[in-house]
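Peer 1: This is the structure alone, sequence omitted:
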């Protein structure tokens, strides 16, 4: 096993693999920065180039583009309140408030370094799990998936901000939006009004772009001026302060990375939820948790470390069972077959070096991605100082492109505009917007697994040990949220 | 005026949820399980929020800002919001009719020149930059397939003969 690990490491630094990885990282970062186009898009664009490559070069290019995609996404999230990729939405809570406070450089520095460290943890996590992959993945069945979704939904209460009532309504609306389309087990049309486009449901990307990108640009244009009037730190100082923040909160980075890795490993839950779990966890456990949402650096570090760590985790079911945990992993699975490789238990013995190689590639690509962006972090932070007029049409256009590219449906333009106006109204009247995303992400997971659990285990499905543990976590989360909200209310009245 | 719109928004939320619950009643047993178990409590919460906001207005009435000053500020903000909303609708309407490429250049130019009052140099520079980025990076390099616009497609059909 050690031999395979060393062989994998040597191959990472061999030519031309390292060159392809670098190209992949640059493409991944650019695509990640563009709102709506995530790492899955990078993989789809790059996969045709791998037909004539050897396995090492192909995976260097693909994983090089995939791994740091979320790192790039954090930049637009922090600067423009527009998630570059859907999982970056959890970074909105504190990333954008930091920009408004003039700490964009620090936030980007923290996000980049947390992403890089999280990515490294995720890679090591993958390596550590190789011998015990099978039993861990098999622990999770539909009842556990359902309860995990419920735990995620309880985080709505944690991240609701000032008004828990509004947060719960927003989360509920997100869940209802997720129910638009054909019901999975009976194919009953729900809220489609006879429209074929709605049969597949409402996609996460146009909703996210509408609620954040469009709403933010409307506000900037109405208000006039720029996103912020001040940049506290100049040169590399701000970004380096963010890096120091991440390094000095290594325990938080580690915990959130492990959380991301665990959620990433579970096929069907989807990595989008990992960042919300990490954010909710940090808010509950950090000393200054009650100030999350006001621009706390911990609120950026937590989701970003989980974001890249989950990629290592999501490779586990892909290589061990041939079950892709996400759309990106499904494309990567295609790359395995192009290379003549068969993912599954056999791969753990015959091509073990390649799994280690992939883990090393993820780790190195994350470091390269952060290293490329870090020197530019403070220059990028100056985007927040640009007059809103310059940003308005460009951001709106990018949001339109991101929405349209999701399936190539022109109807998504209507969705993005509709949610843009809803998002602006929500912002104006102090309704938390990210809770809608949590609801939307978890809605289908919860429903599908509830029906499966009821069929497979009947009403006693929640009596399984892991399910009971998850019920306890959900109960503690709700209790903690109510208690901290009450404390905040009392502090306000005093 | 601001308060009124807050109420309209709240009422809108209640109506949407109410509509969703009523529609869910007509689904099959399995399909309505979750919409109803989420929709009904959600409806109660939405009504509660609406009532809370109404109550706040009722209690705030006594200590309100001088009416004339408040109305003037709100009206100006409202007009700005309508103006920007029309620009947003214009952009997406333009994408639908003329496609992304034409919109990237002409919409940006119009917005900067007419709405923002920027000089020709900046307006043309930013518009051309948007077009180049769209064409070179997204279409040529990444091979992204973008909507052509119904007008452009119709023109193409009319002029290209097979």
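Peer 2: In hand now; what should we look at? Here the structure is a predicted model, which is why all the values come from computation and not from measurement.
Peer 1: Measure how buried residue A:293 is and give me the count.
Peer 2: Neighbour count for residue A:293, taken as other CB atoms under 10 Å in any protein chain shown: 20. (C-beta placed from N, C-alpha, C; glycine too.)
Peer 1: Touching, it and residue A:299? I think so.
Peer 2: Yes: with contact defined as CB atoms under 8 Å, residue A:293 and residue A:299 form a contacting pair (7.1 Å).
Peer 1: quick one: common contacting residues for these two?
Peer 2: Residues touching both residue A:293 and residue A:299 by CB atoms under 8 Å, 6 or more residues apart in numbering or on different chains: A:93, A:94.
Peer 1: How about the contacts made by residue 38?
Peer 2: I went with chain A, as the question did not name one. By CB under 8 Å, 6+ apart, the contact list for residue A:38 reads A:31, A:32, A:69, A:70, A:73, A:84, A:85, A:86, A:328.
Peer 1: not what I meant, chain B
Peer 2: Counting by CB under 8 Å, 6+ apart, residue B:38 makes contact with A:172, A:175, A:176.
Peer 1: Of those residues, just the buried ones, PyMOL syntax please.
Peer 2: Remark: buried members of the contacts of residue B:38, expressed as a PyMOL selection using 16 or more other CB atoms under 10 Å in any protein chain shown:
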select buried, chain A and resi 172+175+176
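Peer 1: quick one: which of the contacts of residue B:38 is nearest to chain B?
Peer 2: Relative to chain B, the closest of the contacts of residue B:38 is residue A:172; by CB to the nearest CB it sits at 3.8 Å.
Peer 1: how much space is there between residue A:463 and residue A:286?
Peer 2: Per CB to CB, to the nearest Å, residue A:463 is found 33 Å from residue A:286.
Peer 1: Between the two, which is the more surrounded one?
Peer 2: Neighbour tally, residue A:463 and residue A:286, criterion other CB under 10 Å: the higher count belongs to residue A:286, 18 against 11.
Peer 1: so the more buried one touches residue A:298, yeah?
Peer 2: Yes: counting by CB under 8 Å, residue A:286 touches residue A:298, with 5.0 Å between them.
Peer 1: tell me, what's touching the two both at once?
Peer 2: Common contacts of residue A:286 and residue A:298 (CB under 8 Å, 6+ apart): A:252, A:292.
Peer 1: tell me the contacts of residue 149?
Peer 2: I went with chain A, as the question did not name one. Applying CB under 8 Å, 6+ apart to residue A:149 gives the contacts A:269, A:273, A:442, A:445, A:446, A:449.
Peer 1: Can you look at chain B instead?
Peer 2: Under the criterion of CB under 8 Å, 6+ apart, the contact partners of residue B:149 comprise B:95, B:96, B:97, B:98, B:99, B:100, B:102, B:103.
Peer 1: ok, so of the contacts of residue B:38, who is nearest residue B:110?
Peer 2: Minimum separation from residue B:110 among those (CB to CB) is found for residue A:176, which lies at 37.7 Å.
Peer 1: Quick check: which element contains that closest one?
Peer 2: For residue A:176, the enclosing helix or strand under DSSP states H and E is helix A:164-177.
Peer 1: is the helix or strand following that helix anywhere near chain B?
Peer 2: Toward the C-terminus, helix A:164-177 is succeeded by strand A:181-182 as the next helix or strand (DSSP H and E). No: residues of strand A:181-182 contacting chain B under CB under 8 Å from any CB of the partner chain: none, with a closest distance of 9.1 Å.
Peer 1: Partner strands of strand A:181-182, with direction?
Peer 2: Within its sheet, strand A:181-182 is paired with strand A:189-190 (antiparallel), according to DSSP bridges.
Peer 1: ok, residues contacting the partner strand?
Peer 2: A:179, A:180, A:181, A:182, A:183, A:199, B:23, B:24, B:27, B:31, B:35.
Peer 1: again with stretch A:398-414
Peer 2: Contacts of stretch A:398-414 (CB under 8 Å, 6+ apart): A:34-37, A:41, A:82, A:197, A:200, A:203, A:205-206, A:209-210, A:213-214, A:217, A:415-416, A:420, B:91-92, B:95-96, B:100, B:134, B:138, B:144-147.
Peer 1: Filter these down to the buried ones, ChimeraX style.
Peer 2: A single ChimeraX command is used to select the members of the contacts of stretch A:398-414 judged buried by 16+ other CB under 10 Å:
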select /A:34,35,36,37,41,82,197,203,205,206,209,210,213,214,217,415,416,420 /B:91,92,95,96,100,134,138,144,146,147
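Peer 1: out of everything not next to it in sequence, what's closest to residue 50?
Peer 2: No chain was given, so I picked chain A. Of all residues not flanking residue A:50 in the chain, residue A:58 sits nearest, at 3.8 Å (CB to CB, 6 or more residues apart in numbering or on different chains).
Peer 1: wait, I meant chain B there
Peer 2: residue B:10 (4.1 Å).
Peer 1: The helix or strand containing the one you found: how far from the chain's middle?
Peer 2: Per DSSP H and E: residue B:10 is located in helix B:2-25. Chain-centre distance of helix B:2-25: 18 Å, with CA atoms, centre = their mean, to the nearest Å.
Peer 1: So which bits of that helix are buried?
Peer 2: Buried residues in helix B:2-25, defined by neighbour count with 16+ other CB under 10 Å: B:3, B:6, B:9, B:10, B:13, B:14, B:17, B:20, B:21, B:24.
Peer 1: Next, count neighbours for residue A:18.
Peer 2: That count, for residue A:18 with other CB under 10 Å as the rule, works out to 18.
Peer 1: and stretch A:418-437, anywhere near chain B?
Peer 2: Yes: with CB under 8 Å from any CB as the measure, stretch A:418-437 is seen reaching chain B through A:420, A:421, A:424, A:425, A:429.
Peer 1: quick one: the longest helix seen in chain B to helix B:2-25, angle?
Peer 2: Criterion DSSP state H: the longest helix present in chain B is helix B:67-110. For helix B:67-110 against helix B:2-25, the angle by axes from the mean of the first three to the mean of the last three CA atoms, to 10 degrees is 70 degrees.
Peer 1: Next SSE downstream of helix B:67-110?
Peer 2: Using DSSP H and E, the helix or strand that follows helix B:67-110 towards the C-terminus is helix B:120-132.
Peer 1: Which elements pack onto that next one?
Peer 2: Applying 3 or more CB pairs under 8 Å, 6 or more residues apart in numbering or on different chains; DSSP states H and E, we find helix B:120-132 packed against helix A:388-405, helix B:67-110.
Peer 1: got the angle for the next helix or strand after it vs helix B:67-110?
Peer 2: On the C-terminal side of helix B:120-132, the closest following helix or strand by DSSP H and E is helix B:150-159. Relative orientation of helix B:150-159 and helix B:67-110, computed by the same axes, to 10 degrees: 30 degrees.
Peer 1: near chain B too, which of the contacts of residue B:38?
Peer 2: The subset of the contacts of residue B:38 within reach of chain B, counting by CB under 8 Å from any CB, consists of A:172, A:175, A:176.
Peer 1: residues touching the first one, list them.
Peer 2: Contacts were defined as CB under 8 Å, 6+ apart; by that measure residue A:172 touches A:439, B:17, B:38, B:39, B:41, B:42, B:45.
Peer 1: Now residue A:280. Nearest residue, chain neighbours left out?
Peer 2: Once flanking residues are discounted, residue A:280 sits nearest to residue A:155: 3.6 Å by CB to CB, 6+ apart.
Peer 1: Now do the helix or strand that neighbour falls within, average pLDDT.
Peer 2: Applying DSSP H and E as the criterion places residue A:155 in helix A:142-158. Helix A:142-158 carries an average pLDDT of 79.
Peer 1: thinking again about what came up before, need the buried residues of helix B:2-25 in CSV (columns: pLDDT).
Peer 2: Output for these, formatted as CSV (pLDDT from 0 to 100):
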residue, pLDDT
B:3, 53
B:6, 85
B:9, 92
B:10, 92
B:13, 94
B:14, 95
B:17, 95
B:20, 95
B:21, 95
B:24, 93
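Peer 1: for the residues you listed, which one is nearest residue B:107?
Peer 2: residue B:9 (28.6 Å).
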